[in-house]
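>>> sequence and predicted structure, then a few things I'm wondering about:
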There are 4 protein chains.
Amino acid sequence: MNDMDENTKNNEFINHLGLEMIEESSKYAKGRIPVKAELLNPFGTMHGGVLYSLADIVAGIAAQASGNRCVTLSGSLNFLLPGTDTKYIYCEAFLERMGKHTAVYRVEIKDDEGKLLDTGTFTYFAI
Amino acid sequence: MNDMDENTKNNEFINHLGLEMIEESSKYAKGRIPVKAELLNPFGTMHGGVLYSLADIVAGIAAQASGNRCVTLSGSLNFLLPGTDTKYIYCEAFLERMGKHTAVYRVEIKDDEGKLLDTGTFTYFAI
Amino acid sequence: MNDMDENTKNNEFINHLGLEMIEESSKYAKGRIPVKAELLNPFGTMHGGVLYSLADIVAGIAAQASGNRCVTLSGSLNFLLPGTDTKYIYCEAFLERMGKHTAVYRVEIKDDEGKLLDTGTFTYFAI
Amino acid sequence: MNDMDENTKNNEFINHLGLEMIEESSKYAKGRIPVKAELLNPFGTMHGGVLYSLADIVAGIAAQASGNRCVTLSGSLNFLLPGTDTKYIYCEAFLERMGKHTAVYRVEIKDDEGKLLDTGTFTYFAI
């Protein structure tokens, strides 16, 4: 369930999120994080910054699956619905374009039932 | 230095970031977080998700300064430069539009020297 | 092939683009414009502003299909591939969220063969 | 008032918009288009697609001012206020980051009085 390289594996911030990767390839990646107190916003649902972190990490793992070291150029997220009554938050990254230097991924964030909570786009640059 | 309401003050995720607010109004807000090991990405600079969290929180505090309870509709961030050799990461939120239901903020993230690291836009909906 | 209201039908800018609507509902809309000299960029492919116009119009028609008068709050487009060797440029708008006040659509722009050229998100506000 | 290269000058779509460039450099560019019937939306104000076209062209001219041939990677626009009672719509592009391969510009669209109507970000790739 985990092919992230050593650096990524030992990253404290990612550990704090509790990320588990489920699938990893340059065309598609999927991961999840558990809903837990230390990641909630004042409304009691997962913090937008946590969801963005999840999306950036999952799409970034996809971008690096092709063997390139990648940095995030930009990323956006649309918050459609808050995730309530869910144990995990899932994120899938779908490759939209793999160029020589840049890769674009669409991300979809869902709850345990597969309900769409957030969507966004992340762009990476291969360094 | 801190006018966030009780809910926001006691939020674990915000505490983990180490957020300190410097200025808070509906037209402009400024906050900062210290650079520390548990917030870094595998490259050794602040994680993009941490920067997004900072931006969403600072702009969200501005949006709520007018007395409305607000949720984030969408937010994007452009990663211009990594922040190196800086003790803190600062975020400023500038009001671009305050409508009856929606508020739009531009965010600028800078290092100790005031060098521009990231820019973005966050949109809030008053509920 | 055309259910746009009179206002939209007689709009000069939309006529200049040569828009034809293929499907119109609040959940999904599809339209196309012909590739023609007056819409090209200096590289000889459809101008980004034309593609954005197409996307905004098609998603806007979807947003208004529910009976609300809508204005665009924001819209973004990722230019994945230029459209070459295609007679028409097609745009589909997929509803991602229909709230009480705001509607979010994902747009996909494709060529005659169905190849994905551009993707984006448009958000509307019901007035 | 016009340093666009021959290709850009003779572009039919840009001519249809009536673009006039006021300032052109890689750090900053400014242009304007007249408000005219063929560019209006069904509400009687400038079409969002026209505003986006203006922004993409002005920022693109800035991106190319450094001598590189550039294509647009992505662009977004926030529609803050409709432009009413204005003869021209002005667009300014401010350089946020010039990398080896990518350039990021913030755009601001204003009316005759300098009132801020729209803001956005455009990213270019030097080919």
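Yep, that arrived. Numbers count the residues shown, from 1 in each chain, chains lettered A, B, ... in the order given.

>>> okay, stretch A:23-39 in PDB with CA atoms only?
Extracted as PDB, the C-alpha positions of stretch A:23-39 are listed here (Å, rounded to 0.1, in the frame of the first residue of the first chain):
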ATOM      1  CA  GLU A  23      -2.700   3.400  -5.700                       C
ATOM      2  CA  GLU A  24       0.200   5.200  -7.300                       C
ATOM      3  CA  SER A  25       0.900   5.700 -11.000                       C
ATOM      4  CA  SER A  26       1.600   8.700 -13.200                       C
ATOM      5  CA  LYS A  27      -1.900   8.500 -14.700                       C
ATOM      6  CA  TYR A  28      -3.800   7.900 -11.500                       C
ATOM      7  CA  ALA A  29      -3.200   7.900  -7.800                       C
ATOM      8  CA  LYS A  30      -5.400   7.500  -4.800                       C
ATOM      9  CA  GLY A  31      -4.900   8.000  -1.100                       C
ATOM     10  CA  ARG A  32      -6.800   8.700   2.100                       C
ATOM     11  CA  ILE A  33      -6.500  10.200   5.500                       C
ATOM     12  CA  PRO A  34      -8.600   9.500   8.600                       C
ATOM     13  CA  VAL A  35     -10.900  12.100  10.000                       C
ATOM     14  CA  LYS A  36      -9.400  13.000  13.400                       C
ATOM     15  CA  ALA A  37      -9.700  15.800  15.900                       C
ATOM     16  CA  GLU A  38      -6.400  17.400  15.100                       C
ATOM     17  CA  LEU A  39      -7.300  18.000  11.400                       C
END
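
>>> can you tell me the average pLDDT over that stretch?
The average pLDDT within stretch A:23-39 is 96.

>>> list the contacts of it.
A:3-4, A:16-22, A:46-47, A:50, A:54, A:57-59, A:61-63, A:65-66, A:83, A:86-95, A:98, A:103, B:12-13, B:16 (C-beta atoms under 8 Å, 6 or more residues apart in numbering or on different chains). All C-beta spots, glycine's among them, are computed from the backbone N, C-alpha and C.

>>> A:Leu116 and A:Val107 touch, don't they?
No: counting by C-beta atoms under 8 Å, A:Leu116 sits too far from A:Val107 to count as a contact (11.0 Å).

>>> ok, those two, which is more surrounded?
Between A:Leu116 and A:Val107, counting by other C-beta atoms under 10 Å in any protein chain shown, A:Val107 is the more crowded of the two (25 against 13).

>>> so what's the more buried one up against?
So A:Val107 contacts A:55, A:58-59, A:77, A:91-94, A:118-122 (C-beta under 8 Å, 6+ apart).

>>> what of A:Tyr124?
Residues near A:Tyr124 by C-beta under 8 Å, 6+ apart: A:Ala59, A:Gly60, A:Ala63, A:Cys70, A:Val71, A:Thr72, A:Leu73, A:Thr102, A:Ala103, A:Val104, A:Tyr105.

>>> ok, the helix or strand containing the third one near chain C or not?
In this structure, A:Ala63 sits in helix A:48-64 according to DSSP states H and E. No: judged by C-beta under 8 Å from any C-beta of the partner chain, helix A:48-64 makes no contact with chain C; its nearest approach is 13.2 Å.

>>> let's see that helix as CSV, backbone CA atoms only.
The C-alpha coordinates for helix A:48-64 follow below in CSV (Å, rounded to 0.1, in the frame of the first residue of the first chain):
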residue,chain,number,x,y,z
GLY,A,48,-9.7,23.1,3.9
GLY,A,49,-5.9,23.2,4.3
VAL,A,50,-5.8,19.6,5.2
LEU,A,51,-7.9,18.7,2.1
TYR,A,52,-5.6,20.8,0.0
SER,A,53,-2.5,19.1,1.6
LEU,A,54,-4.0,15.7,0.8
ALA,A,55,-4.7,16.7,-2.8
ASP,A,56,-1.3,18.2,-3.3
ILE,A,57,0.4,15.1,-1.9
VAL,A,58,-1.6,12.5,-3.8
ALA,A,59,-1.3,14.4,-7.1
GLY,A,60,2.4,15.1,-6.4
ILE,A,61,3.0,11.4,-5.8
ALA,A,62,1.4,10.7,-9.2
ALA,A,63,3.5,13.4,-10.9
GLN,A,64,6.7,11.9,-9.4
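
>>> how far does that helix sit from its chain's centre?
Taking C-alpha atoms, centre = their mean, to the nearest Å, one finds the center of helix A:48-64 at 3 Å from the center of the full chain.

>>> any residue of it touching chain B?
Yes: shown here: helix A:48-64 in contact with chain B (C-beta under 8 Å from any C-beta) through A:Gly48, A:Gly49, A:Val50, A:Tyr52, A:Ser53, A:Leu54, A:Asp56, A:Ile57.

>>> tally of neighbours for the fifth one?
For A:Ser53, the number of neighbouring residues by other C-beta under 10 Å comes to 27.

>>> ok, back up a step: out of the contacts of A:Val107, which are inside helices?
Among the contacts of A:Val107, the ones falling in helices (DSSP state H) are A:Ala55, A:Val58, A:Ala59.

>>> just the buried residues from the residues you listed, in ChimeraX please.
Selecting only the buried entries of the ones in helices among the contacts of A:Val107 in ChimeraX, with 16 or more other C-beta atoms under 10 Å in any protein chain shown as the criterion:
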select /A:55,58,59
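
>>> roughly how far apart are whatever residue of chain A ends up closest to chain D and D:Ser66?
Residue of chain A nearest chain D, by C-beta to the nearest C-beta: A:His101 (5.6 Å). The gap separating A:His101 from D:Ser66 is 17 Å, by C-beta to C-beta, to the nearest Å.

>>> same drill for the two, tell me which one is more crowded.
A:His101 (18 against 14).

>>> next one: that one, what pLDDT does it get?
Looking at A:His101, its pLDDT reads 92.

>>> list phi and psi for it.
Here is the backbone geometry of A:His101 (degrees, to the nearest 10): phi -120, psi -30.

>>> filter the contacts of stretch A:23-39 to the buried ones?
Buried residues within these, defined by neighbour count using 16+ other C-beta under 10 Å: A:4, A:16-17, A:19, A:21, A:46-47, A:50, A:54, A:57-59, A:61-63, A:65, A:83, A:86, A:89-93, A:95, A:98, A:103, B:13, B:16.
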